[in-house]
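> sharing a model that was predicted from the sequence below.
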Amino acid sequence: MKKEEINKMSNLLEVKRIIEIIKSKIIIDTDLMWTHYNSSEDLIAEINLNSILLEENNKAGLEFFQLLFLPTGTLQEISIQNGWSEQYLILAAEFDSIYEKVYQLMKA
């Protein structure tokens with residue numbers, strides 16, 4: 001296996017870890033007032049769909065998560081409304097630090 005493939009797999013696993021932490025924070029009574037989601041189930045379904053795309057090496061999945069993590073984006077708004085904004089900031093920084101690496105490796 002090439003070093004590039006190993007790096008991509010490692011970074012994808014890191015993205016998946018971050019996503020799983022985010023999913024664990026989104027519960028049935030999560031306040032979604034400042035988002036376009038009608039329910040936490042809708043959000044989780046969209047996260048799951050894009051996780052599959054990510055696993056299939058589809059950049060659309062990665063780009064979906066980038067949009068969720070943007071400042072004042074969906075995840076930041078949810079984290080503020082639901083009392084986990086400090087943890088969100090840490091996860092967003094982790095995601096930002098590997099996003100470009102994963103994106104570039106997906107282009108190759």
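Ah, there it is.

> and residue 99, how close does it get to residue 105?
The spacing between residue 99 and residue 105, counted by Cβ to Cβ, to the nearest Å, is 11 Å. In short, each C-beta sits where N, CA and C put it, glycine included.

> can you pull out the low-pLDDT segments for the chain?
Filtered on pLDDT under 70, the chain yields the residue ranges 107-108.

> quick check, central residue of it?
Residue closest to the average C-alpha location in the chain (Cα atoms, centre = their mean): residue 65, at 4.0 Å.

> so where do the helices sit in this structure?
Along the chain, the stretches classed as helices by DSSP state H are 3-25, 40-55, 59-69, 74-82, 85-107.

> JSON lines for those, including distance to residue 32?
Output for the helices of the chain, formatted as JSON lines (distance: least, Cβ to Cβ, whole Å):
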{"stretch": "helix 3-25", "distance to residue 32": "12"}
{"stretch": "helix 40-55", "distance to residue 32": "7"}
{"stretch": "helix 59-69", "distance to residue 32": "13"}
{"stretch": "helix 74-82", "distance to residue 32": "6"}
{"stretch": "helix 85-107", "distance to residue 32": "14"}
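
> so for residue 31, which of these sits nearest?
Residue 31 lies closest to helix 74-82 among the helices of the chain, at 4.2 Å (Cβ to Cβ).

> how far does the closest one sit from its chain's centre?
Taking Cα atoms, centre = their mean, to the nearest Å, one finds helix 74-82 lying 13 Å from the centre of the chain it belongs to.

> wait, isn't residue 52 in contact with residue 61?
Yes - at 7.2 Å, residue 52 and residue 61 qualify as touching, with contact defined as Cβ atoms under 8 Å.

> which one of these two has more residues nearby?
Legend: neighbour count by other Cβ atoms under 10 Å for residue 52 and residue 61, higher for residue 61 (21 against 10).
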